[in-house]
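Undergrad: Show me how the following folds:
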Amino acid sequence: MILNKKTMTEKEWIDYGKKHLLGKQIVSIRYLSEKEKENMGWYKKPIIIQLNDGTILFPSMDDEGNDGGAMFGQTKNGKELTFPVIT
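TA: Coordinates of the predicted model:
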């Protein structure tokens with residue numbers, strides 16, 4: 001599947017997410033290493049989520065992947081979660 005961010009519909013993005021994420025398990029949590037940060041040309045180290053199939057997920061500051069970004073969430077009880085970048 002070739003991704004075209006400008007023409008993909010919300011449904012296509014949901015299907016893409018399901019294909020790559022649904023049913024997977026988180027097996028590791030860490031932060032981007034210094035070497036990985038340098039290889040990506042980034043200044044910040046975001047949290048890394050690794051799934052059971054080897055996929056890794058990490059937040060970026062924008063759609064173009066210009067630097068690491070913070071990740072936010074919320075528990076089922078409404079408590080806010082923040083996973084900051086390390087600079």
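Undergrad: Geometrically speaking, which residue is the centre of this protein?
TA: What sits nearest the mean C-alpha location of the chain, by Cα atoms, centre = their mean, is F58, with 2.8 Å.
Undergrad: ranges for the strands of this protein?
TA: Using DSSP state E, the strands of the chain run over 26-31, 47-51, 56-57, 71-74, 80-83.
Undergrad: returning to that earlier point: test my guess that the residue nearest to the centre of the chain contacts K45.
TA: No. Here F58 does not reach K45: they are 9.2 Å apart, not a contact under Cβ atoms under 8 Å. (Each C-beta comes from the backbone N, C-alpha and C, glycine too.)
Undergrad: joint contacts of these two?
TA: Shared contacts of F58 and K45, defined by Cβ atoms under 8 Å, 6 or more residues apart in numbering, are found at 32, 68.
Undergrad: Excluding chain neighbours, give the residue nearest to E80 in space.
TA: Closest residue to E80 apart from its sequence neighbours, by Cβ to Cβ, 6 or more residues apart in numbering: Q74 at 5.8 Å.
Undergrad: Distance of that neighbour relative to T82?
TA: Distance, Q74 to T82, using Cβ to Cβ, to the nearest Å: 10 Å.
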